[in-house]
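Asker: Give me the fold of what follows.
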Amino acid sequence: MKIYPDLSIIFIGHVDHGKTTLAKALTGKWLDTYKEEQQKGITIRLGYIDFSIYKDPTKEGYEAYTTQPCEGCEEIRKISLVDAPGHESLIMVMLSGAALVDAAVLVVAANEGIMPQTIEHLKAAEIMGIKHFIVAQNKIDLVTKEQAIKNYEEIKKLIDTYIIPISAIHNVNIDALLYYLTKIPLPKKEENKDPLMVVARSFDVNKPGTDPKKLVGGVLGGSLKQGKLKVGDEIEIRPGIKIENKWQPIYTEITSIRQGNYFVDTALPRGTLAIGTTLDPFLTREDNLAGQVVGYPDKLPPMWDKIEIEYSLFEKAVGTEEKVNPPKKGDKLLVGGLSIISPALVIESKKDRLYLKLSKPLVLNENDRIVLAGKINGRWRIIGYGYLKGGNEYKL
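Answerer: All right, here's what the predicted structure looks like:
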């Protein structure tokens with residue numbers, strides 16, 4: 001029985017194409033846990049859960065692959081699954097999810113085909129450095145064979161990878177999808193470097209009315225990109241919280257680590273995890289610390305409040321037909337690095353360089369990748385990407 005996940009994947013794609021239904025088909029659980037999500041029928045925040053893939057030696061082909069433990073079955077892969085919002089207004093939430101993972105499953109509904117957010121999510125995942133993709137062609141039960149084949153060919157033009165026709169709601173071909181998930185190359189993680197965790201969620205796990213003497217500290221959820229973390233470690237959280245217009249890192253101690261379904265003493269850079277801390281749970285409630293970076297004190301990348309980036313723009317804003325114009329002085333952008341998203345003001349623009357003033361410091365090393373989004377017709381759209389080349393380190 002595996003304790004640590006082998007890799008992490010994200011479900012991406014257009015809203016209502018069946019990402020969350022597919023997550024339930026694989027894990028047996030709905031990841032839409034917030035009332036607002038359930039009422040609207042869409043994913044708003046990142047959801048994540050672990051599941052295992054087993055191989056039954058008594059069966060042949062795809063039918064041998066299942067997520068249900070069985071006598072004599074071999075657990076061949078354990079996966080952390082992140083479910084990202086598909087709604088166009090939530091693209092930056094999806095970006096922070098892409099910072100957590102090793103591979104992506106692009107979900108395309110056969111009855112609707114490739115939609116703007118299908119392309120936007122795929123491009124965003126590529127920008128974030130994801131190299132391994134599988135396509136789940138969902139809702140094949142709603143179309144004719146001819147329509148399914150036509151949609152399949154359209155997907156093939158968009159991305160050259162495995163395309164598995166499925167019906168998530170009826171559990172059709174889920175075993176084939178499981179087989180191809182076992183073929184994703186396992187990532188090489190650097191366990192000997194200083195730890196670097198990106199925070200995608202934060203929680204107060206105490207129930208209302210809990211006796212103050214029994215309150216437990218705040219919980220951080222996310223992914224350890226490198227290094228190890230142990231129970232008892234002192235950690236720093238950057239950029240921290242803003243007090244009187246100044247960002248101040250937070251220092252705390254790890255009291256527990258949950259990786260997958262198990263509490264462990266040591267976190268490894270595999271899959272998603274949650275760490276308990278001595279923080280006041282008020283600080284972590286309702287994702288207040290989402291978008292932070294965690295590591296050992298004074299061992300994290302620098303905090304930047306002004307950055308110089310070498311950048312490239314797309315011809316059109318991703319997911320639209322709108323032409324992208326080079327940003328000019330005074331323009332407002334959104335920039336993303338690791339899981340931190342910050343509003344930015346263009347203070348100078350050159351041919352291939354942008355100089356930006358940030359509302360929230362980014363925590364990055366030089367040459368780290370940055371995503372650029374601009375406002376197109378009232379919506380934030382990805383317009384390009386760049387690499388950090390310098391700037392002004394935030395003075396603590």
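
Asker: Secondary structure class of Lys306, three-state.
Answerer: With DSSP: H, G, I helix; E, B strand; the rest coil as the basis, Lys306 sits in strand.

Asker: for it, what are its contacts?
Answerer: Shown in contact with Lys306 (C-beta atoms under 8 Å, 6 or more residues apart in numbering): 347, 355-358, 391-392. Any C-beta I mention is one placed from the backbone N, CA and C, and that applies to glycine too.

Asker: which residues in the stretch 51-200 of the chain form strands?
Answerer: 65-66, 74-83, 103-109, 132-138, 163-165, 196-203 (DSSP state E, counting those that start in this stretch).

Asker: winner for burial among these?
Answerer: strand 103-109 (a mean of 26; mean count of other C-beta atoms under 10 Å).

Asker: That strand: how far from the chain's middle?
Answerer: What separates the centre of strand 103-109 from the centre of its chain is 13 Å, taken as C-alpha atoms, centre = their mean, to the nearest Å.

Asker: so what strands line up beside that strand?
Answerer: Partner strands for strand 103-109, per DSSP bridges, with pairing direction: strand 7-12 (parallel), strand 132-138 (parallel).

Asker: what comes into contact with the last one?
Answerer: Contacts of strand 132-138 with the rest of the structure, by C-beta under 8 Å, 6+ apart, involve 17-18, 21-22, 102-110, 122, 125, 148, 151-152, 155, 159, 161-168, 177, 180-181, 184-185.

Asker: My guess is Lys225 contacts Val198. True?
Answerer: Yes. Using C-beta atoms under 8 Å, Lys225 and Val198 qualify as a contacting pair, with a distance of 6.3 Å.

Asker: With mean pLDDT and distance to Leu283 as added columns, please give the strands paired with strand 103-109 in a markdown table.
Answerer: As requested, the strands paired with strand 103-109 are arranged in a markdown table below (pLDDT from 0 to 100; distance: least, C-beta to C-beta, whole Å):
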| stretch | mean pLDDT | distance to Leu283 |
| --- | --- | --- |
| strand 7-12 | 87 | 26 |
| strand 132-138 | 97 | 35 |
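
Asker: Arrange those in JSON lines, one row each, with distance to Gly217 as further columns.
Answerer: Below are the strands paired with strand 103-109 laid out as JSON lines (distance: least, C-beta to C-beta, whole Å):
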{"stretch": "strand 7-12", "distance to Gly217": "25"}
{"stretch": "strand 132-138", "distance to Gly217": "36"}
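
Asker: the longest helix in the chain is where?
Answerer: helix 145-158 (DSSP state H).

Asker: chain center to that one, what's the gap?
Answerer: On C-alpha atoms, centre = their mean, the centre of helix 145-158 falls 27 Å from that of its chain.

Asker: Could you do stretch 368-388 as well?
Answerer: 17 Å.

Asker: What residues of that stretch count as buried?
Answerer: 369-374, 376, 380-386, 388 (16 or more other C-beta atoms under 10 Å).

Asker: Taking the residues you listed, tell me the two that lie furthest apart.
Answerer: Ile376 and Leu388 (24.3 Å; C-beta to C-beta).

Asker: Okay, and the beta partners of Leu356?
Answerer: Beta-bridge partners, per DSSP bridges, of Leu356: Ile307, Val346.

Asker: Now do the same contact list for it.
Answerer: 306-309, 333, 335, 344-347.

Asker: Ok, Lys375 next?
Answerer: With C-beta under 8 Å, 6+ apart, Lys375 has these contacts: 332, 381.

Asker: Going along the chain from the host helix or strand of it, find the next helix or strand for me.
Answerer: For Lys375, the host element (DSSP states H and E) is strand 369-376. Of the helices and strands lying after strand 369-376 in sequence (DSSP H and E), the nearest is strand 379-393.
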